[in-house]
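Novice: output the structure for:
(one chain, ligands or ions: 1)
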Amino acid sequence: MRDLPMAAIRLLGLSWRQSRSRTATATGLMLVSGAAMPLAAACLRRLIDSAQLGRVTEAVVAGLLIAVLLIAALTLAHFAHLAYFELAELNLLRYDEELINLVNGSPGLQAHEDPAHADRFTIVEQEVQQTRNALQALMSLAGLATGMTLTTVLLVALHPLLLLLPLVSIPPLLAGRRAEQRMDRARKAGAAPTRLALNLFRLATNAGSAKELSVLRLRSEIRRRHAHLWAGTTARLWQAHWRGALLRAAGQLVFAAGYVAAVVLVVREAAAGRSTVGDVALVVMLAAQVNSQVAQVVALAPDIQRLTGVDRRLAELRQAIVPTPEIGRFAPAPPPQRLTRGITLRGVSLSYQGTLALREVDLHLPASATVAIVGENGAGKTSIISLLCGLHPPAEGQILIDGTPLDRIALDAWRARIAVGFQDFVRYEFTAHQSVGVGDLPRMDSEEAVLAALARARVGDVIPQLPGGLGTRLGKSHADGIELSGGQWQKLALGRAFMRERPLLLVLDEPTSALDPEAEHALFECYAAQAARTAADGGITVLVSHRLSTVRVADLIVVVSGGRIAESGDHATLMRKGGLYAELYGMQARSYR
Ligand SMILES: Nc1ncnc2c1ncn2[C@@H]1O[C@H](COP(=O)(O)OP(=O)(O)OP(=O)(O)O)[C@@H](O)[C@H]1O
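Specialist: A predicted model of the protein is given here:
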């Protein structure tokens with residue numbers, strides 16, 4: 001409860017910053033609309049008493065005022081709605097921007113991979129939508145507070161005991177709060193299964209997984225798991241809803257008893273001749289208003305109380321984002337213009353949520369070299385790439401770029417000198433031009449740069465296959481979007497990787513896995529050419545591959561096994577050594593025969 005005022009102030013503060021005129025208009029209209037009904041009741045008393053005393057003019061003025069106030073009570077809230085509806089949309093946009101920034105706020109990928117963080121994000125993502133209702137509820141509450149204050153003043157002026165009438169409105173509020181806490185707990189407990197169920201839903205409806213699900217006949221198994229998770233979450237929510245409804249009903253009953261007592265009290269006062277007929281009418285009308293005011297507050301309470309949940313979880317999310325590591329006494333250095341020595345990993349270990357994926361890796365990638373990283377699935381190849389790109393900090397050891405530790409180099413500037421084609425590349429549902437162009441944002445709009453990158457990557461043949469050429473919209477999020485094959489998407493990703501012209505590090509992580517052998521062959525020729533361009537700046541080309549025959553031309557082949565460097569050297573040296581590489585190479589050569 002203590003957090004509620006702060007959460008409300010923060011939401012109103014955000015609204016004020018988004019649009020002062022809309023906030024002021026909505027609040028002003030709601031305040032007037034809230035005051036209108038109690039004022040109309042006061043005018044009614046004046047009308048009845050004046051009519052009894054034969055004061056016609058006074059009675060007519062009171063009657064006209066009642067009409068104006070009723071119109072205000074009935075219409076102003078609608079005009080206020082127009083203003084706060086727009087405000088709520090502006091707020092949502094701001095929250096979305098903040099969430100995008102928060103999720104991408106840490107320098108590495110740890111925030112994305114932490115399951116607790118993912119849970120919190122899932123909840124916040126859903127709950128910020130509720131700030132729309134919370135803002136409406138806060139505005140309505142401002143009007144109600146004005147109305148309730150006026151009502152209380154008018155009631156107390158008639159009889160001090162009538163002050164108890166608004167007080168008996170507190171039990172329903174407390175009951176509402178308890179009910180909402182139950183719902184909050186149920187939602188929190190259901191976040192992880194909901195995430196799993198959504199994942200299964202996406203799997204079951206995603207075109208990409210349709211083939212595999214059909215062939216493996218997994219559909220009913222996925223449906224069964226999805227239904228099971230969903231049923232568990234729904235049952236928990238339903239139970240919390242049901243108990244909450246009982247609590248709220250008990251609170252309302254307490255108020256109903258107080259209302260009956262107030263009406264009886266006023267009728268007795270009138271019978272004793274201590275009040276006028278107008279006073280009786282006033283109390284009957286105000287008591288009914290208190291009833292409806294409290295009912296409205298109780299109805300609004302869940303929306304407002306939910307605001308504390310959103311606010312708290314947003315604060316937790318902000319705190320959970322790992323701040324950019326302190327550089328301490330070192331100012332971040334720019335990356336070198338060109339590499340002269342190369343990149344060195346010294347005693348480097350990497351862990352994912354406490355599990356070691358790389359152990360004590362010592363490795364030197366010489367400037368201008370073409371390096372191949374090979375090894376079995378899960379050996380740790382992509383983990384090495386991730387370290388080089390600064391996506392994960394090493395748990396131990398150092399990465400040196402021409403002798404300067406990577407953690408002392410400005411990360412954004414280092415990444416700007418990397419060109420990369422990831423194994424799990426992104427399928428940007430933009431135009432084909434943009435999907436390639438985003439590989440080098442400053443030159444994104446240049447058709448010449450995009451075509452040159454596609455040519456360097458030797459994947460230019462993908463463009464004539466598209467109905468609208470470079471302008472073709474890709475993916476199903478566009479009504480006229482074209483879906484591409486896995487290989488076509490990968491070709492665009494490769495073009496993207498070749499957009500940056502002079503990278504210090506060009507990484508191609510299994511770039512040919514979805515391509516046909518002909519495309520693969522063309523590509524490897526191209527790697528050699530690209531490596532020569534990159535090498536002019538001392539740039540290093542790193543290629544991760546499972547196909548050993550294609551990497552034999554590399555200057556340095558690094559064999560990774562079980563998170564360690566098993567051996568390294570050029571093809572001839574490694575074959576002479578007769579170790580793991582020679583064994584794997586022999587096996588692959590035999591299987592291709
Ligand atoms: N984000 C992650 N969170 C947790 N564990 C991870 C993550 N990424 C990789 N791992 C684990 O780290 C180990 C090394 O994975 P990595 O992706 O580096 O292997 P790889 O050699 O590139 O494999 P592949 O050839 O299958 O792509 C594996 O055991 C993997 O399960």
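Novice: residues of the chain that sit close to the ligand?
Specialist: Proximity of the chain to the ligand, by CB under 6 Å from any ligand atom, involves residues 113, 352, 357, 375, 377-383, 423. Every C-beta, even on glycine, is put in place using the N, C-alpha and C of the backbone.
Novice: repeat the analysis, applying 5 Å as the threshold.
Specialist: Contacts of the chain with the ligand, taken as CB under 5 Å from any ligand atom, map to 113, 352, 357, 377-383.
Novice: in PyMOL, select just the buried ones from those residues.
Specialist: Selection of buried members from those for PyMOL, criterion 16 or more other CB atoms under 10 Å:
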select buried, resi 352+357+379+380+381+382+383
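Novice: out of the residues of the chain next to the ligand, which sit inside strands?
Specialist: Among these, the members falling in strands are 352, 357 (criterion: DSSP state E).
Novice: where does confidence bottom out across the residues of the chain next to the ligand?
Specialist: Ranked by pLDDT, the residues of the chain next to the ligand bottom out at residue 113 (69).
Novice: and the host helix or strand of residue 487, C-alpha only, in PDB?
Specialist: Per DSSP states H and E, residue 487 falls inside helix 486-497. Extracted in PDB, the C-alpha atoms of helix 486-497 (Å, rounded to 0.1, in the frame of the first residue of the first chain):
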ATOM      1  CA  GLY A 486      16.600 -21.200 -45.300                       C
ATOM      2  CA  GLY A 487      19.400 -20.900 -47.800                       C
ATOM      3  CA  GLN A 488      18.100 -17.600 -49.200                       C
ATOM      4  CA  TRP A 489      17.800 -16.100 -45.800                       C
ATOM      5  CA  GLN A 490      21.400 -17.200 -45.100                       C
ATOM      6  CA  LYS A 491      22.600 -15.600 -48.300                       C
ATOM      7  CA  LEU A 492      21.200 -12.300 -47.200                       C
ATOM      8  CA  ALA A 493      22.800 -12.800 -43.800                       C
ATOM      9  CA  LEU A 494      26.100 -13.400 -45.500                       C
ATOM     10  CA  GLY A 495      25.700 -10.200 -47.600                       C
ATOM     11  CA  ARG A 496      25.000  -8.400 -44.400                       C
ATOM     12  CA  ALA A 497      28.300  -9.800 -42.900                       C
END
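Novice: gap between the two ends of stretch 158-167?
Specialist: Distance between the boundary residues of stretch 158-167 (CA to CA, to the nearest Å) amounts to 16 Å.
Novice: report the distance from that stretch to the chain centre.
Specialist: The chain centre lies 48 Å from the centre of stretch 158-167; the measure is CA atoms, centre = their mean, to the nearest Å.
Novice: same question, stretch 552-567
Specialist: Put simply, stretch 552-567 sits 39 Å off its chain's centre (CA atoms, centre = their mean).
Novice: for my notes, confirm residue 484 occurs in a strand.
Specialist: No: with DSSP: H, G, I helix; E, B strand; the rest coil as the criterion, residue 484 is located in coil rather than a strand.
Novice: didn't it look like it was pressed against residue 493?
Specialist: No: at 10.6 Å, residue 484 does not count as touching residue 493 under the criterion of CB atoms under 8 Å.
Novice: higher neighbour count, those two?
Specialist: With neighbours defined as other CB atoms under 10 Å, residue 484 and residue 493 compare such that residue 493 has more, 26 against 20.
Novice: who's in contact with that one?
Specialist: Contacts for residue 493 (CB atoms under 8 Å, 6 or more residues apart in numbering) come out as 421-422, 425-426, 511.
Novice: what do you get for residue 237?
Specialist: Listed by CB under 8 Å, 6+ apart, the contact set of residue 237 reads 183, 186-187, 190.
Novice: which residues of the stretch 201-350 of the chain fall in helices?
Specialist: 207-215, 219-271, 277-320 (DSSP state H, counting those that start in this stretch).
Novice: the longest one vs helix 207-215, what angle?
Specialist: Helix 219-271 and helix 207-215 meet at an angle of 120 degrees, taking axes from the mean of the first three to the mean of the last three CA atoms, to 10 degrees as the criterion.
Novice: state the mean pLDDT of helix 219-271.
Specialist: On average, the pLDDT along helix 219-271 is 87.
Novice: again with the first one
Specialist: Per-residue confidence for helix 207-215 averages out to 74 on the pLDDT scale.
Novice: buried sites along that helix?
Specialist: Residues of helix 207-215 classed as buried by neighbour count (16+ other CB under 10 Å): residue 213.
Novice: and it, how far from the chain's centre?
Specialist: 28 Å.
Novice: just the longest one next, same as before
Specialist: Shown here is helix 219-271, whose average C-alpha point lies 31 Å from the average C-alpha point of the whole chain (CA atoms, centre = their mean).
Novice: so which helix or strand takes in residue 164?
Specialist: Per DSSP H and E, residue 164 falls inside helix 164-167.
Novice: who touches that helix?
Specialist: Contacts to helix 164-167, defined as CB under 8 Å, 6+ apart, come from residues 148, 151-152, 155, 258-259, 262, 287, 290, 294.
Novice: can I get those residues in TSV with neighbour count?
Specialist: Converted to TSV, the contacts of helix 164-167 look like this (neighbours: other CB atoms under 10 Å):
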residue	neighbour count
148	21
151	26
152	18
155	25
258	19
259	17
262	22
287	21
290	24
294	25
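Novice: list just the nearest of these to residue 62.
Specialist: Of all the contacts of helix 164-167, residue 62 sits closest to residue 151, with 18.3 Å by CB to CB.
Novice: who's in contact with that closest one?
Specialist: Here residue 151 is in contact with 38, 41, 166, 286, 289-290, 293 (CB under 8 Å, 6+ apart).
Novice: out of the residues you listed, which two sit at the greatest distance?
Specialist: 41 and 166 (14.6 Å).
Novice: who has more neighbours, these two?
Specialist: More crowded of residue 41 and residue 166, by other CB under 10 Å: residue 41, with 23 against 19.
Novice: the more buried one and residue 290 touch, don't they?
Specialist: No: using CB under 8 Å, residue 41 is not in contact with residue 290, being 10.7 Å away.
Novice: any weak-confidence spans in this structure?
Specialist: Counting by pLDDT under 70, the chain shows low-confidence ranges at 1-2, 105-113, 211, 291, 321-331, 512-535, 591-593.
Novice: in stretch 552-564, what's buried?
Specialist: Quick answer for stretch 552-564 (16+ other CB under 10 Å): 552, 554-561, 563.
Novice: ugh, wrong one, stretch 17-28
Specialist: Buried positions in stretch 17-28, judged by neighbour count with 16+ other CB under 10 Å: 18-19, 22-23, 25-27.
Novice: check the gap between residue 283 and residue 115 for me.
Specialist: 59 Å (CB to CB, to the nearest Å).
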